[in-house]
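K.L.:
Structure here, sequence nowhere to be found:
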């Protein structure tokens, strides 16, 4: 019996491992993926930079100054692998929704998923540890001993495993990317402050001593320091006493010198790894996703027709007279397209198979006509080119080659003007989650309706559209995120339609408006679509295998086969009789059974298997039919401009001027930020908590300026606060911008605004929150650390903190703007944080930076932040320091030991402002010129 249970558990574990690995095809592809991942490239790059920065620091170390440089390098290496584990956090959050679905449907127990996801990270940690050790150990010039090298490598491995476990734990507990990012930064802060480098253990206040014994970094730092400084080459007697140089280096940082601390550190880190993975397993087993239940919204069943929704109530005969026309006039327009071809570059996989062509044709000589007041269906099997045709006609394609004629009421289509008179309802309902239904519509109408229309008219038009699509009872409902909160799928679809309708378009494209909806929800949406058509607009929908009720709501059909060729175009007729008669007239096509869905029958009798069996090409049959000639006649007739007509022309690309665009975008972003407590409230609470932690850890160190150790702690407080609060700002803003960027892509394609207006609003809306954050952090830390209490120094401290938080935040915006996904931005940002940390002038003081890297010091924003803050607080202090290693004033120590020039406050402020402007400008240019949404 026990063997049976054990076998079942092993099978579950193997199945879980298989599910994990198949995400990257198979086991070999999985390892290939791991070794070629961004993380692995990033650790190799940073290790290379580290080794060249500390290049052969001292083959024969002479004194404690050399030892401190080695200690800085050891500390940075451990911290970098800790930071690398941070990238596990967004990846874990991203995968949780799928896990919860599998768990709730009893695919496997949570422990299987947890253990497997841990196991497959082991090769990743091995690779990172091996790369870091091989690249940096001998290049830097650590103790030349095989045993110490492999102990160094082992410690890097367990540090990385512990870090991955820590951030997986935070992700499993937080279950929200913004909250997890914030508390991830908080975890790094506490772990690092208690790590034994910034604040030696003998200097830690009594109320924080307990935390030093809990900090895994404390054990890692002790283990790796003991491994290096107990080597033979560090046993040279120091010039300042009777102890060895290695002992003095360790003792000055309150680090132990006994060899057993190495194995104790490894054991503790392994214990933490096990503990974190146990917590992950328990969290996965007992916690549910945040916001799983949709938000409570007003009941709109009275507008939805109760349980049974009849499409017939929306037919032209029933509602045509009542719906025709709206308070804002529009010009009914017809669209014709003739011999339309669309090509893309031949995929590399197909070229590798020996296909000689350089282009792949997706649409072939497609012709048709869409007229006002007519609802046209674009139908075809998967891969037939329905959405491709719609994207080509609407101008949404971002690549490829288009041939053929597209005309609007007889005039050639010009995309800039066409965007002003058309709407596009995407299959994925993309909206800003934090705004209400009414605000979404008001935002669209304010930006897309002509500026000649008064505000009162716009408000009235929005009200009319809400009634038309039956959203008036949901006006104050928050949109929310799809599948987790806010509106239902069907309500979101109606909102998407309404967002396009309030632009008062003449032509509307809808990509599978009923996709993913049940019969009742689909009927409600189709009634909305029918109401839209009855206003006299031209409406085209792609539909995939529609039900009989939905199909018969359409007036005309354009049917495509694989390869993008037309096999039917024209009217459907009452109960699709014209369509049925056409196909039944073809030899070999069976009659439609009584009561059978004409759409299903049509797709069945025209599939490729039937073409092969009957040896007929339905596209050729259509081109020789009367139906085709009727469509060609309509195209010829409507391709000629009506008498006394003029082509579409607008004085500008956008309806509103750039200032109006900016103000409207700013108003929307203000609402989004105000209703994002998981971002802004958590950020401010985190800032206050961090300030209290900093203040209590570095309590009164501002007065300890008479020793180099005291000065090191003061500068450590300033350095770590810049890094941690800044990194938190940059990492926590990325998911917010990533979500809004998806909305931006839709709004830009629809012609809402110029990208620069959006970018300016996105940047400006951050500044009030950064200012509050600066005041919170600055006031608390300044007086708890007990810096010199003069108004000038206090406000300079606030100024440099504000500029630092601002450029970090704008860097977060820029990182998302330049990368295709938030995870990619997170991984690349981790490398930049490490480089900025390394070249900030604290771990490696400016005078000790090699000549080949000094240029990076001058372009490192953190270096300028430290230069500004340290020079403002210590640059004029004349307190004397008398020690064996240094004699002089604090001002001289800062200048000679750290290379910080005093009296350069103005240029430093200007440079930091320049970084803010640079990062924001790159963000603005990236969203203007880069588009990672390929169509």
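P.N.:
Everything's here; your move. This structure is a prediction, so every number in the text was calculated from the model and none was measured. Residues are numbered from 1 along each chain as shown.
K.L.:
Quick check, pLDDT for residue 860.
P.N.:
With respect to pLDDT, residue 860 scores 95.
K.L.:
can you tell me how far the residue nearest to it when sequence neighbours are not counted sits from residue 76?
P.N.:
Residue nearest to residue 860 in three dimensions, not counting chain neighbours: residue 839, with 4.4 Å by Cβ to Cβ, 6 or more residues apart in numbering. The C-beta positions use only the backbone N, C-alpha and C, and glycine is treated the same way. Going from residue 839 to residue 76 by Cβ to Cβ, to the nearest Å gives 11 Å.
K.L.:
Between these two, tell me which one has more neighbours.
P.N.:
Higher neighbour count among residue 839 and residue 76: residue 839, with 24 against 21, using other Cβ atoms under 10 Å.
K.L.:
List the residues that contact that one.
P.N.:
53, 849, 853, 856-857, 860, 862-863 (Cβ atoms under 8 Å, 6 or more residues apart in numbering).
K.L.:
Same check on residue 630?
P.N.:
Contacts of residue 630 (Cβ under 8 Å, 6+ apart): residue 570.
K.L.:
So which bits of the helix or strand hosting it are buried?
P.N.:
Counting by DSSP states H and E, the element that carries residue 630 is helix 626-638. Judged by neighbour count using 16 or more other Cβ atoms under 10 Å, the buried positions of helix 626-638 are 627-628, 631-632, 634-635, 638.
K.L.:
Pretty sure residue 148 sits against residue 138.
P.N.:
No - counting by Cβ atoms under 8 Å, residue 148 sits too far from residue 138 to count as a contact (11.1 Å).
K.L.:
of those two, who's got more company?
P.N.:
Taking neighbours as other Cβ under 10 Å, residue 148 and residue 138 compare with residue 148 leading, 17 against 13.
K.L.:
where in the protein is pLDDT low?
P.N.:
Within the chain, the stretches with pLDDT under 70 are 1-39, 56-61, 291-326, 935.
K.L.:
ok, and the closest non-adjacent residue to the residue nearest the centre of it?
P.N.:
With distances taken as Cα atoms, centre = their mean, residue 822 lies nearest the centre of the chain, 2.9 Å away. Leaving aside its sequence neighbours, residue 822 sits nearest to residue 738 (Cβ to Cβ, 6+ apart; 4.1 Å).
K.L.:
by contact count, what packs against the top helix by length along the chain?
P.N.:
As assigned by DSSP state H, the longest helix anywhere in the chain is helix 708-749. In terms of contacts (3 or more Cβ pairs under 8 Å, 6 or more residues apart in numbering; DSSP states H and E), helix 708-749 is packed against helix 177-193, helix 680-697, helix 755-764, helix 766-785, helix 791-818, helix 822-838, helix 861-874, helix 890-898.
K.L.:
ok, 7 Å please
P.N.:
helix 177-193, helix 680-697, helix 766-785, helix 791-818, helix 822-838, helix 861-874, helix 890-898 (3 or more Cβ pairs under 7 Å, 6 or more residues apart in numbering; DSSP states H and E).
K.L.:
Return the distance of it from the chain's centre.
P.N.:
15 Å (Cα atoms, centre = their mean, to the nearest Å).
K.L.:
what angle do it and helix 822-838 make?
P.N.:
For helix 708-749 against helix 822-838, the angle by axes from the mean of the first three to the mean of the last three Cα atoms, to 10 degrees is 150 degrees.
K.L.:
What lies in contact with stretch 612-620?
P.N.:
Applying Cβ atoms under 7 Å, 6 or more residues apart in numbering, the contact partners of stretch 612-620 are 561, 565-567, 588, 606, 611.
K.L.:
Helix or strand next in line after the host helix or strand of residue 250, which one?
P.N.:
Counting by DSSP H and E, the element that carries residue 250 is helix 245-252. The C-terminal neighbour of helix 245-252 among helices and strands, as given by DSSP H and E, is helix 260-286.
K.L.:
gap between that next one and the chain center?
P.N.:
30 Å.
K.L.:
what sits against the closest residue to residue 761 other than its chain neighbours?
P.N.:
In space, and not counting its chain neighbours, residue 761 is closest to residue 665: 3.7 Å by Cβ to Cβ, 6+ apart. Residues near residue 665 by Cβ under 7 Å, 6+ apart: 753, 757-758, 761.
K.L.:
so which of those comes closest to residue 183?
P.N.:
Nearest to residue 183, judged by Cβ to Cβ, of these is residue 761 at 28.6 Å.
K.L.:
any idea how far that closest one lies from residue 176?
P.N.:
Taken as Cβ to Cβ, the span from residue 761 to residue 176 is 25 Å.
K.L.:
State the helix or strand in which the closest residue to residue 472 other than its chain neighbours lies.
P.N.:
Using Cβ to Cβ, 6+ apart and skipping the chain neighbours, the partner closest in space to residue 472 is residue 466 (4.3 Å). Here residue 466 sits within helix 455-468, counting by DSSP H and E.
K.L.:
Can you list the buried residues in that helix?
P.N.:
458, 461-462, 464-466, 468.
K.L.:
Return the member of those residues nearest to residue 913.
P.N.:
Among those, and counting by Cβ to Cβ, the member closest to residue 913 is residue 458, at 38.8 Å.
K.L.:
hang on, isn't the closest one packed against residue 447?
P.N.:
No - the criterion here is Cβ atoms under 7 Å, and residue 458 misses it with residue 447 at 10.5 Å.
K.L.:
Now the closest residue to residue 625 other than its chain neighbours: which helix or strand?
P.N.:
Sequence neighbours aside, residue 582 is the residue nearest to residue 625 in space, at 7.3 Å (criterion: Cβ to Cβ, 6+ apart). In this assignment (DSSP H and E), residue 582 forms part of helix 577-584.
K.L.:
next one: that helix to chain centre, how far?
P.N.:
The answer for helix 577-584 is 49 Å, by Cα atoms, centre = their mean.
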